[in-house]
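Enquirer: Test case, fold it:
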Amino acid sequence: MASSAAPHVPDAAWKRFAQAQSAEEFCGSWLVIQANVIGGVSDGVVVLQKPGGTSFAPVAFFPEESPRRSHLASISERVLAEGRGVVEPFESEDPEAIGPRYQLAYPVRTDGQVRGVVGVDIDWRNEAQLQSAMRDLQWGSAWLELFLRRHADPMETSRLRLKLALELVSTLLEQEGLKEGTAGFATELASRLGCDRVTVGLLKRRRIRVTAVSHSAQFDRRSNLLRAVETAMEEATDQAEPVVYPPDRDTSPVVAHAHEMLVRESGAGSAVSYPLMSGEEVVGALSLERPPGKRFDLPTLELCEAVAAVAGPIIDLKHRNERNLFVHAGGSTVSLWKKIFGPGHPGLKLVTIVAAAALGFLAVAEGDYRVSANTTVEGVVQRAVSAPFNGYISEAPLRAGDVVRAGEPIVMLDDRELRLERIKLVGQREQYRRQYRQAMADHERAQTEIVGAQIEQTEAQLAMVEEQLSRSRLVAPFDGFIVVGDLSQNLGSPVERGEVLFEVAPLDGFRVMLEVDERDIADVAIGQTGQLAVASMPDERFDFAVSKITPVNEAKDGRNYFRVEAQLEGDAGRLRPGMEGVGKIFVEQRKLVWIWTRSLVDWVRLTLWSWAP
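Expert: Presented below is the predicted three-dimensional model:
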C-alpha cells in the first residue's frame, strides 16, 4: 500500500486496523489508511456482500460522518455489474470545489466471485497519477480479500462444500447397479481432485473387499497393490477415523503404518482413507491417492470427508438392494442381534425385554378357548299363517315385530263375493225346497228325488261358502310374536291359496341357531355351553347349551358353515325371534399362544400340504 509520495497515516488508524474485530471496524480503519495513501480523497465507501450472498450493503464510509453517503452508489453498482475497475470524471456540486474530480472503484474478489467493491472520490490529477491511484486501490483491496477469506461465513463454506460433494456423489445415483455406480463415482472423484487412483471397498465378513477402482473397468483383487489398498482401508475402518499419510499437523494423530506401506508400494505422493458409514455402522471405505509432490490440503480433506459421509448410506443401500432374499434376511437378523446385545439402543432393548416377557407369559398362561359364530334367535315353533283361498287383502292391522294374543285378527280377506254367493245359495235352496214340497204333493216320486238331490248339492255349496267366510278372518293361533310378514302396503292385492302371509312364533320358547365355520366345527359338541350377545342389546349376555349339530354344511359369503342349534337357559328377557348377534361356544381351557395363533398354524399346515408332492 505504499505510494511514491510517502503519505503520512495517523497512528490511531494503524492501531484500529490491527485490533479490528468486526467487518465494520476492519473496513473503516482500512478505508482511512487507503484514503491517506491515495491522497486528495473527499469521499470513500466499502460495500460487501451480505451473509447468504443475497445482496450487497455498505459497511464503511470516509469520512465516518460523511453527509453524502449515496455519493458513490452509481459507480459501485456499475463495478458490481461489470466486475472490473472503473474510473469516471465527476462534476462536483460543491461550490467550494476547485476543478473537476474523479471517482475510482475496484471490485473485491474471493474464489473468483465478486464479494464487494471499494470506491473513492479524488481531486483532479493527470493520467499517470490516476493510474497510480487505481493501482494503490487495487493493491489495498488485497487486505479486504484476505479478511474475507479468514472470516468467511462457516455456513456458506459448508454449503459450498456440501454442494460439491453432492455433485460428486450424483454419479452414484445415475447408475442402477452398485458396480457401475461406484466405478463412475471413483472415476469422477479422481478427475475432480487430481488423484492417481480412487478406490471404493465394501465391508464383507469383517474384511474390506475392493469394489471399484477409478479409470478401471476390470481389476485383479489378488494383486499386491490392491491388497495394500484393502489393508489401508481396513486401517481406517478399524479406527473408525480418516487416516492421512503423510500426516498433516491439523489432523488428529492416528496409526498410519498401512498407508505408509501403500505410498511406498504405489509410488504415490500421499494417500488418505475414509470409513464409509451408514448410520452408526461401518459399511466400507474410500481411499484416495495423489501423485508425488501433491499432498492433500485441509480444504480437500474436508471435502473428501463430506463426500464419504454422503456416499456411505447410498452405497450401503445399493449393496443391500442387490443381495438376495436370504442374505438380506440374514443381514437384517445379524444387525438386529447386534443392536439388541451390543452397546446403545436402550429403547430397542426395553422393547425386546417386554416382548420376551409377553411371549413367556403367553406360553404358560391359559384362557378360555371359545368358538365364535354368527347367531340368529328363532322360535322353537314357527306357525305359518297362509291364505285359505284365492282372494284379496282387505285389512292387515299387524306386521312383523308385533306381539299378538291367541285369536287376535292378523289379516282379513275381502269376503264380499262370498257373502253374495251365500245369499245366492240360500235363495236357491229355498226355491228347491218349494219344488220339493210341490212334487211331494203331486206324488211325483221321480221329481221328488231329483229336487232332493239338488237341495243336498246346494246345502253342500252353502256349507263350503260358510267355511270360507269363517276363514276369511285370519287370527293368531297362539300368544306370540310375528316374525315374518308385513301387508300394510299391499292392501287390495291378490293372494293365492296356500301363500304364506305371516309367521308367528311363541313368546316363551326360543332356540339359537349358530353358523359355525367348517374350520371350527370339529371342536363343537352337543352339551357344550356358551353365551349370546345380540346387536340390539350388546351389553347383555344370554346363556345357551348346544342341542343339535346339522351334519350338512351351507355356503354363505364364500365360506362353508354348519348350522348348530342351541337352547336358551334361564330367562330370555327381552329376546325376540329374528334378533341377530354373535354367540361363543366354550370348548375348554387352552394356552393363550395356541388360541391366538391356531388360525395361522392351521393355514400354514394346509398350505404346506397342498404344495407337498
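
Enquirer: what's the following helix or strand after the strand or helix carrying Ala186?
Expert: For Ala186, the element it lies in under DSSP states H and E is helix 178-193. Later in the chain than helix 178-193, the nearest helix or strand by DSSP H and E is strand 197-204.

Enquirer: re the thing from before, next, the angle from the helix holding Ala186 to strand 197-204.
Expert: With axes from the mean of the first three to the mean of the last three C-alpha atoms, to 10 degrees as the basis, helix 178-193 and strand 197-204 are set at 140 degrees to each other.

Enquirer: hmm, who's touching helix 178-193?
Expert: Residues outside helix 178-193 that contact it (C-beta atoms under 8 Å, 6 or more residues apart in numbering): 168-169, 171-175, 195-200, 211-217, 288, 290, 300, 303-304, 307, 311, 315, 318-319, 322. The C-beta positions use only the backbone N, C-alpha and C, and glycine is treated the same way.

Enquirer: Flag every buried residue along it.
Expert: For helix 178-193, a neighbour-count test (16 or more other C-beta atoms under 10 Å) marks 178, 180-190, 193 as buried.

Enquirer: cool, stretch 24-37 as well?
Expert: For stretch 24-37, by 16+ other C-beta under 10 Å, it's Phe26, Cys27, Gly28, Ser29, Trp30, Leu31, Val32, Ile33, Gln34, Ala35, Asn36, Val37.

Enquirer: Same list, those residues, but as a markdown table with distance to Leu262, pLDDT and secondary structure please.
Expert: A markdown table is the format used below for those (distance: C-beta to C-beta, whole Å; pLDDT from 0 to 100; DSSP: H, G, I helix; E, B strand; the rest coil):
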| residue | distance to Leu262 | pLDDT | secondary structure |
| --- | --- | --- | --- |
| Phe26 | 45 | 86 | helix |
| Cys27 | 48 | 89 | helix |
| Gly28 | 52 | 87 | helix |
| Ser29 | 50 | 88 | helix |
| Trp30 | 48 | 89 | helix |
| Leu31 | 52 | 88 | helix |
| Val32 | 55 | 88 | helix |
| Ile33 | 51 | 88 | helix |
| Gln34 | 51 | 88 | helix |
| Ala35 | 56 | 88 | helix |
| Asn36 | 57 | 87 | helix |
| Val37 | 53 | 87 | helix |
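
Enquirer: and of the residues you listed, the nearest to Gly140?
Expert: The closest of those to Gly140 turns out to be Gln34 (C-beta to C-beta; 4.7 Å).

Enquirer: and that closest one, what does it touch?
Expert: Counting by C-beta under 8 Å, 6+ apart, Gln34 touches Met1, Val41, Gly44, Val118, Val120, Asp136, Leu137, Gly140.

Enquirer: what do you get for Val495?
Expert: Ala387, Asn390, Gly391, Tyr392, Ile393, Leu413, Leu501.

Enquirer: quick revisit: which one of the contacts of Gln34 is nearest to Val582?
Expert: Nearest to Val582 among the contacts of Gln34 is Val118, at 87.5 Å by C-beta to C-beta.

Enquirer: Tell me how far the residue lying closest to the closest one once chain neighbours are set aside lies from Leu31.
Expert: Counting by C-beta to C-beta, 6 or more residues apart in numbering, Val46 is the residue found nearest to Val118 once chain neighbours are left out, at 5.2 Å. From Val46 across to Leu31, the span is 6 Å (C-beta to C-beta, to the nearest Å).
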